[in-house]
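# Can you look at this prediction? I've put the sequence above it.
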Amino acid sequence: MDNDDRTIVDRVRAGESEAFAEIVDRYRRPIFNMVLRLVGDYDDAVEVTQQAFVAAYEKLETYDPAYRFFSWLYRIAYNAALNYIKRGKKTVRLETIMIASDSNPEVEFVCGERDDFLHRALQAVDIDHRVVLILRHFIGFRYEEIMGILDITEHTLKFRLHVARWKLRERLIDLGYFR
């Protein structure tokens, strides 16, 4: 665990509950981005992200410092998103979150169009395959981290990634992204 994370967790466990705000500040954005890609709606992602941080705070005593805090927190957020999806919430239009770094309107249009294709294709991929794509390719987790978050073997992860990439490519073809 990162020494900063260890220090913050120790402070919260010692009764300094306001120190948890540092964890929220540090991890709010990556947690939100993962949840947003899973649930597909900005407002719902805000709610699920908040629920995940509340759950992490309430379960902080169960955290084992032998493991990476960030992975533990991601697992909680993933479970919160999965529970949200299982409750039958519908996905809505995902706001573009991959913003072009160039202010050129043509570049922004092309990037926005690409993001729209990607969003629609991702939403058509089942959750077990979508999450491995998101964790590996959008967030950049290593295999070991993904295996820990999802509690799966390396073989299962590699198989899901293979199938997920194939399904995503098929959805993009169906949507007319590849011609």
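Great, that's in hand. Numbers count the residues shown, from 1 in each chain.

# Could I get the contacting residues of the residue most central in space within the chain?
Compute the mean C-alpha point of the chain, and by CA atoms, centre = their mean the closest residue is Met34, 1.8 Å away. Going by CB atoms under 8 Å, 6 or more residues apart in numbering, Met34 touches Tyr74, Ala77, Tyr78, Ala81, Ile134, Leu135, Phe138, Ile139. Glycine gets a C-beta too; all of them are placed from N, C-alpha and C.

# Please list all residues in contact with the residue nearest to the first one when sequence neighbours are not counted.
If you skip the residues right next to it in sequence, Tyr74 has Ile149 as its closest partner in space, 5.0 Å away by CB to CB, 6 or more residues apart in numbering. With contact set as CB under 8 Å, 6+ apart, Ile149 has these partners: Ser71, Tyr74, Arg75, Tyr78, Leu135, Phe141.

# rerun at 6 Å
Ser71, Tyr74, Arg75 (CB atoms under 6 Å, 6 or more residues apart in numbering).

# Show me these that map onto helices.
In helices, defined here by DSSP state H, the members of these are Ser71, Tyr74, Arg75.

# Tell me the one of the residues you listed nearest Arg28?
The nearest member of the ones in helices among the contacts of Ile149 to Arg28, counting by CB to CB, is Tyr74 at 12.6 Å.
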